[in-house]
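**Student:** Whatever this is, show me its structure:
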Amino acid sequence: MAWIRHGGEVHELAAGKTIFDFADELAVRVPSSCGRQGSCHECVVEVKAGARALEPPTAPESFLRSPFRLACQARVADASEDIEFTLLERHPKILTATRGAAPAGIDPPVVRRGDKVWYEDEPLDDYRGRMLGIAMDFGTTTVVFELIDLETGQGLYLDTFENPQRFGGSDIMHRISYDGGAHRGELHQAAVNALNGEIREMCGRLGVDRNQIYEVVVAGNSTMRDLFFGLDVQSIGQRPYQSRTEREYLDGRRTTTALVEPAHRLGVLAHPKARVYGPPLVASHVGADITAGLAAIDIESQHDPILFVDIGTNTEVVAGHAGRLVAASCPAGPAFEGGGIRCGMAGVEGAIESLEWTAGGWRFRTIGDGPPRGVCGSGLIDLLAHLRRHGRMTEKGVFQDRAREIPIVPEHGLAISREDVSNLAQAKAANYCGQNIVLRSLGVSPGRIARLYLAGGFANYVDVRNAIEIGFLAPVPEERIVKAGNASLEGARRLLLSRSRRVSIETTLRRIEHVELELEPDFFEIFVEGCQFKPMPG
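**Tutor:** Predicted structure coming up:
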């Protein structure tokens with residue numbers, strides 16, 4: 001007898017049924033809006049085991065690569081082999097903006113005048129009792145969105161889900177390549193489908209009408225933002241790594257890199273005349289998420305030397321001092337989000353989020369306090385720091401006694417290998433290079449930084465002492481390090497609620513100097529230095 005498994009639930013396998021059929025039996029909610037005909041492409045699942053037991057992919061699945069299938073099309077052919085599947089849309093642990101806190105002095109583009117709703121000078125609708133907007137941080141790995149009352153500025157609903165574009169690759173370069181192939185537009189559609197599914201669920205829970213949603217602000221890196229808007233992103237993957245909007249701006253064909261589109265044109269479930277606003281880009285891969293982050297920390301009012309680091313699959317760094325702002329992008333890759341690391345995983349339930357070595361072995365804490373399934377980014381930083389601190393690994397990542405791997409939780413099969421450490425070293429080196437070179441370009445040492453703002457997926461959970469010890473973060477005194485939370489979402493929220501903030505951030509962006517790290521003459525030497533697990537020079 002064989003079984004089909006999702007999470008901790010199992011069901012007896014039977015030939016002829018689809019994965020979607022078994023999902024029903026397992027009470028797993030799989031998104032779909034086409035009646036299981038294979039046309040909406042919303043029910044993508046990852047087949048973790050037993051792919052050979054399924055019938056070959058059908059024509060509607062041609063845009064997918066192994067191990068991804070459409071649940072409604074993947075039919076069991078051989079009921080003698082166990083199958084395990086997972087949904088793409090997991091709800092990870094990710095820091096979100098402070099729900100419910102309303103900024104002072106809001107001046108959104110959407111306003112009520114008498115019994116009419118206006119978008120600036122254009123009438124949109126009769127007043128329906130409330131005016132709502134959505135602020136969204138559209139990250140490479142995770143998406144966070146918040147429903148906001150545009151009259152009061154109050155947050156009404158907050159949720160997060162895993163970016164459903166994972167079938168196109170775990171990092172932006174793979175997604176750019178995927179979108180340039182035969183299935184152009186599938187990544188855009190996947191993003192809109194996922195957001196629409198969340199909007200339907202949100203409206204159902206709150207009893208609100210989607211026609212009361214009049215604007216959506218989408219903050220994301222250059223690739224993620226432009227994919228959401230359905231733009232061709234191929235130019236972002238080729239030198240000089242500029243989006244189509246940036247090229248047109250530099251050529252004088254547009255006055256801003258910001259995007260505004262009617263929601264109905266993108267297929268977003270909101271009022272038919274609602275707008276979707278994409279904040280302007282900084283430059284190259286330094287995108288609208290960093291623009292939003294700078295708005296969140298009120299960059300215009302900063303006078304002392306500051307460093308802003310948004311940690312993720314693509315890390316961005318901005319340093320400011322004496323009126324100058326310098327920015328760079330670091331392609332760190334997904335290693336610290338679990339990609340390519342045997343014991344690695346995203347920050348979801350069961351992930352080890354903190355670790356320390358004691359005389360009795362590894363002491364750890366998991367998200368949700370359940371059994372460990374893997375180690376997420378904050379735990380990986382702790383792991384590397386403790387291996388170094390206790391002499392179990394050299395600066396160059398060589399294990400004690402030249403072992404090939406070190407057990408972490410052997411009873412659960414968790415261990416870290418030499419290959420894992422090599423992948424983490426390269427991801428760390430990208431972060432190292434970005435901070436080192438930007439500070440050097442500005443002429444400011446880490447010790448002079450008055451505030452280091454940490455933003456991004458797992459930044460709020462990182463032990464800064466451990467991160468500094470292995471060279472993941474610049475050696476700024478710990479009391480000067482501010483965990484800014486999800487600055488991209490907070491900035492999107494502020495931009496949603498303020499026309500004047502949109503104008504001021506545009507003015508600030510014109511002052512930013514962009515540094516291409518790989519064009520620095522000593523980039524390779526700095527990268528090699530950054531691969532070692534030791535502090536960055538102060």
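
**Student:** contacts and neighbour counts: CA atoms only from here.
**Tutor:** Fine.

**Student:** Tell me where the chain has helices.
**Tutor:** 19-25, 172-179, 186-206, 222-228, 244-250, 263-266, 288-296, 377-389, 418-442, 464-469, 487-496, 499-509, 523-530 (DSSP state H).

**Student:** Can you lay out those helices as TSV showing distance to residue 213 and mean neighbour count?
**Tutor:** Compiled in TSV, the helices of the chain are given as follows (distance: least, CA to CA, whole Å; neighbours: other CA atoms under 10 Å):
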stretch	distance to residue 213	mean neighbour count
helix 19-25	32	18
helix 172-179	29	20
helix 186-206	10	18
helix 222-228	18	26
helix 244-250	26	18
helix 263-266	10	16
helix 288-296	21	28
helix 377-389	35	24
helix 418-442	38	22
helix 464-469	39	21
helix 487-496	12	30
helix 499-509	17	16
helix 523-530	46	17
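
**Student:** quick one: which of these is nearest residue 366?
**Tutor:** helix 377-389 (9.1 Å; CA to CA).

**Student:** so where's the protein shaky on pLDDT?
**Tutor:** By pLDDT under 70, the low-scoring segments of the chain are 33, 89-104, 457.

**Student:** domains for it, by residue range?
**Tutor:** Taking automatic domain parsing as the reference, the chain has its domains at 3-87, 110-289.

**Student:** returning to what we had before: mind giving me TSV with the helices of the chain and columns for distance to residue 51?
**Tutor:** Shown next, in TSV, are those (distance: least, CA to CA, whole Å):
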stretch	distance to residue 51
helix 19-25	11
helix 172-179	22
helix 186-206	23
helix 222-228	30
helix 244-250	39
helix 263-266	34
helix 288-296	37
helix 377-389	29
helix 418-442	26
helix 464-469	39
helix 487-496	38
helix 499-509	49
helix 523-530	39
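
**Student:** For residue 325, which of the ones you listed is the nearest?
**Tutor:** helix 418-442 (7.8 Å).

**Student:** And that closest one, what does it pack against?
**Tutor:** Packing contacts for helix 418-442, counted by 3 or more CA pairs under 8 Å, 6 or more residues apart in numbering; DSSP states H and E, involve strand 315-321, strand 324-330, helix 523-530.

**Student:** Distance to residue 191 added to these, as JSON lines?
**Tutor:** What follows is those, written out as JSON lines (distance: least, CA to CA, whole Å):
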{"stretch": "strand 315-321", "distance to residue 191": "21"}
{"stretch": "strand 324-330", "distance to residue 191": "23"}
{"stretch": "helix 523-530", "distance to residue 191": "34"}
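
**Student:** Out of those, the one nearest residue 453 is which?
**Tutor:** strand 315-321 (9.7 Å).

**Student:** Which strands or helices does the closest one pack on?
**Tutor:** By 3+ CA pairs under 8 Å, 6+ apart, strand 315-321 packs against strand 306-311, strand 324-330, helix 418-442.

**Student:** export these to a markdown table and tack on distance to residue 72?
**Tutor:** Formatted as a markdown table, the helices and strands packed on strand 315-321 follow (distance: least, CA to CA, whole Å):
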| stretch | distance to residue 72 |
| --- | --- |
| strand 306-311 | 36 |
| strand 324-330 | 39 |
| helix 418-442 | 35 |
